[in-house]
Structures are given as C-alpha cells and as structure tokens.
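In: can't give you the sequence, but here's the structure:
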C-alpha cells in the first residue's frame, strides 16, 4: 500500500490535478479581469457622454449648458484601473508560472519512469539512463525580457508596470556611457 502511495503515477496524477486547478483559477481570473476592464471603461465613457448626470443638481446652473466632470475624478478612476489591472495581471501570471513549473515536474517524473522501467534493457545503463535522470527536476524559468547584463531588476516581478519600468531603465542605462576621469 505504501509503495502505491509513493509511486510515480500518483505523483503525475497529483500534478495533473494541480495544473487543472491552476488553469481553472487562471480562466476565472481572466474573466474577472475582462469584466472589470469593461465596467471601468463604460463608467469613463458615461462620464464623458453624460457629464451632468453625475454632478449634483445644485452645481448645474441655467447659465452653464455643459458641465464637466473634474479631471481629478477621471485621473483617479484611471489610476484605480491601472493598479487593479496590474495586480490582477500579476496574479494571472503567477498561475501561468505555476502551470509551467508543474508541467516541467510532470515531465521529470515521466523521464524517471522511463528510466526505471527500462533499467534491465541493454543501453539504458549508460548515457541514456543518465541523461534521462540528470537534471530532471531543475526548473529555470526564463522571461521574455531577461538579459544577462541587466543593471536593474524589477522590484515586483510579475507586476506589469514594475517590469516595464525595469525594462525602460535598462534600455536607458544601456544608452548611457559613463567614462571615468
């Protein structure tokens, strides 16, 4: 019974279940993100189309035909939108990274299973078995924007505005040549 609980197949099934849960969470989060974006954009459009509907009636006078919403309100809505959108995107990216990591571990277990099932076959006691088992579980995620000579790392990895700021700073620093006197 204990051998069955520790088998590679049980581990692969557990990883598949974990991937499925993360995929469902990522889909749900993406739906929330789309609904939030659409609702905020609709509110901003309504503020532009019907600006007097959101003002108090005492502010609307007979002399002013068109009243305007203060720019600070629009800027505030835009800032709230950017912050919430960025946080939701960071959580979505977390789920995608977890899915990629779990898939890598699942492939590692499959490699170990192939090596274990063929241990008596000729040729599997050499480089083939060694290449299947070595580094099977080493996971090094690479990002699209990673470079070996980065000068500035993102303080909040996964947060889009933080990543973008780090990329822009690295590009600016690449263009600057410092000379010692």
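Out: Here it is on my side, so go on. From a predicted model like this one, the values you see are computed outputs, not experimental measurements.
In: residue ranges with poor pLDDT in the protein?
Out: Scanning the chain for pLDDT under 70 picks out 1-6, 51-69, 122-125, 142-150, 158, 177-181.
In: and the one helix or strand residue 169 maps to, how far from the chain's centre?
Out: Following DSSP states H and E, one finds residue 169 within helix 160-175. Distance, stretch centre to chain centre, for helix 160-175: 18 Å (C-alpha atoms, centre = their mean, to the nearest Å).
In: what sits against residue 165?
Out: The contact partners of residue 165, by C-beta atoms under 8 Å, 6 or more residues apart in numbering, come to residue 154. C-beta: built from backbone N, CA, C; applies to glycine.
In: now the helices: where do they sit in this structure?
Out: 2-5, 8-49, 71-117, 127-133, 160-175 (DSSP state H).
In: mind checking how far residue 16 is from residue 45?
Out: 43 Å (C-beta to C-beta, to the nearest Å).
In: thought residue 18 was touching residue 102?
Out: Yes: Residue 18 sits in contact with residue 102 when judged by C-beta atoms under 8 Å, with a separation of 5.3 Å.
In: more crowded one of the two?
Out: Neighbour count, other C-beta atoms under 10 Å: between residue 18 and residue 102, residue 102 has more, with 20 against 17.
In: measure the more buried one to residue 23 for me?
Out: For residue 102 relative to residue 23 (C-beta to C-beta), the value is 10 Å.
In: ok, now residue 9?
Out: Distance from residue 9 to residue 23, by C-beta to C-beta: 21 Å.
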